[in-house]
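Peer 1: coords please:
(one chain, ligands or ions: 1)
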Amino acid sequence: MTKAVVLGAAGGIGQPLALLLKSNALVSELSLFDIVNTPGVAADLSHIATPAKVTGYLPANDGLLAALKDADLVVIPAGVPRKPGMTRDDLFKINAGIIRDLATGIATACPTAFILVISNPVNSTVPIVAEVLKKHGVFDPKKLFGVTTLDVVRASTFVSELHGDLGLAPSVVVPVIGGHSGVTIVPLLSQASHPLPSLSPEDLAALIKRIQFGGDEVVKAKDGAGSATLSMAYAGAEFAAKVLRAIKGEKGIVAPSYVNLAADPAGAKVLAGELGRELEYFSAPVELGAAGIIKINALGNITAGEKELVNAALDELADNIEKVRLSTDL
Ligand code: NAI
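Peer 2: Residues are numbered from 1 along each chain as shown. Here you go, the predicted structure:
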């Protein structure tokens, strides 16, 4: 029996993500919470012939706590998305309060659940969840994840496009490390499972920029109607599926995610040596197990160009994390 919860389930990401989780046979109970429309979304999904029992909750009558009760996995796409001209950091002020309140509910109703944070800015919303859980004395760094999978999915797609063969996309694996906004997104293309076709330095720089700022393409194309939702729902469901398989006991599952490095002190030490700096949070490939993160993997061999990208990411990441520490209303 595995209970999954989506917080923000009526939104642009929340609805297709809930659909994909309803389609996952490893989910036996799917609980949907939002400030609007969840009874309708739940009724609609409940007619799909898969095992998960679906229930929708609204805030009235302690709906958040009821939705979260005994959850194994909580995915959070609640909050405001970017509009043209906004950075992920512009979202901080609005989304920080939403995430704080939802994390308080998790601390009370399901403190041992795996928590997957999608709401932006991920570089800061993940530390917010951690701070709330710490306040309640229930923080387990092995079970808190910032979902950076969309960056990984985009890298796979764009690399396969360069090969002129989208059929490769599902099998192309590119580790993407750092964080989840602009220059903090660092694709390690030298470690791609499929070597890149020969590219000029300009074309390589353009590919890296496209992976880092892929979200802007969608924000612009949607022209005021929001940011990536369908590709994000796909990516969120992919990461959730890996966590669900790990919960069921499958071994050897590795995926990049933005995590608190206390999840694996030994791995964090190696990483700090590679980065030349200690950080509290970083996105790196992590090995998943039934009780959460087993290991944070080292970066391994990276090129001089990739090292420059990592260096460019570090200051912004440190600022994003520090911003949470400086917030007085958490
Ligand atoms: P949306 O506006 O379509 O949906 C957000 C949902 O959250 C709405 O249904 C809203 O009612 C709900 N909500 C607001 N306050 C809430 C609260 N206190 N409790 C529960 N639900 C609440 O936005 P969309 O496009 O689904 O984006 C959601 C978040 O995901 C945004 O912060 C966006 O920036 C982020 N995002 C993250 C990505 C990533 O790669 N991690 C990629 C794309 C978006």
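Peer 1: list the buried residues for the helix or strand containing Lys220?
Peer 2: Using DSSP states H and E, Lys220 falls within helix 214-222. By neighbour count with 16 or more other Cβ atoms under 10 Å, helix 214-222 contains the buried residues 214-216, 218-219, 222. Every residue, glycine included, has its C-beta placed from N, CA and C.
Peer 1: got those residues as TSV, with distance to Gly179 columns?
Peer 2: Formatted as TSV, the buried residues of helix 214-222 follow (distance: Cβ to Cβ, whole Å):
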residue	distance to Gly179
Gly214	15
Gly215	13
Asp216	16
Val218	19
Val219	18
Lys222	23
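Peer 1: same list, the residues you listed, but as CSV with pLDDT please.
Peer 2: What follows is the buried residues of helix 214-222, written out as CSV (pLDDT from 0 to 100):
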residue, pLDDT
Gly214, 95
Gly215, 92
Asp216, 91
Val218, 94
Val219, 89
Lys222, 92
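Peer 1: what residues does the one helix or strand Gly273 maps to touch?
Peer 2: Assigned by DSSP H and E, Gly273 falls within helix 265-275. Helix 265-275 has contacts (Cβ atoms under 8 Å, 6 or more residues apart in numbering) with 261-262, 278-279, 282, 284, 295-299, 310, 314.
Peer 1: please redo it, this time with the cut-off set to 6 Å
Peer 2: 261, 278, 295-296, 298-299 (Cβ atoms under 6 Å, 6 or more residues apart in numbering).
Peer 1: most neighbours of all the residues you listed, which one?
Peer 2: Highest neighbour count within the contacts of helix 265-275, by other Cβ atoms under 10 Å: Ile296, with 25 neighbours.
Peer 1: from Glu131, how far out is that residue?
Peer 2: 20 Å (Cβ to Cβ, to the nearest Å).
Peer 1: for the ligand, what are the nearby residues on the stretch 101-250 of the chain?
Peer 2: For the stretch 101-250 of the chain, the contact set with the ligand under Cβ under 6 Å from any ligand atom comprises 101-102, 118-120, 122, 147, 150, 180, 226-229, 232.
Peer 1: could I get the residues you listed as TSV with pLDDT?
Peer 2: Listed next are these as TSV, based on pLDDT from 0 to 100:
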residue	pLDDT
Asp101	97
Leu102	98
Ile118	98
Ser119	96
Asn120	92
Val122	95
Val147	98
Leu150	98
His180	95
Gly226	87
Ser227	90
Ala228	95
Thr229	97
Met232	98
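Peer 1: which of those fall in helices?
Peer 2: 101-102, 122, 150, 232 (DSSP state H).
Peer 1: pull the most distant pair out of those.
Peer 2: Asp101 and Leu150 (24.6 Å; Cβ to Cβ).
Peer 1: burial count for the residue of the stretch 101-250 of the chain found nearest the ligand?
Peer 2: Going by Cβ to the nearest ligand atom, the ligand is nearest to Asn120 of the stretch 101-250 of the chain, at 3.4 Å. Number of residues near Asn120 (other Cβ under 10 Å) recorded here: 27.
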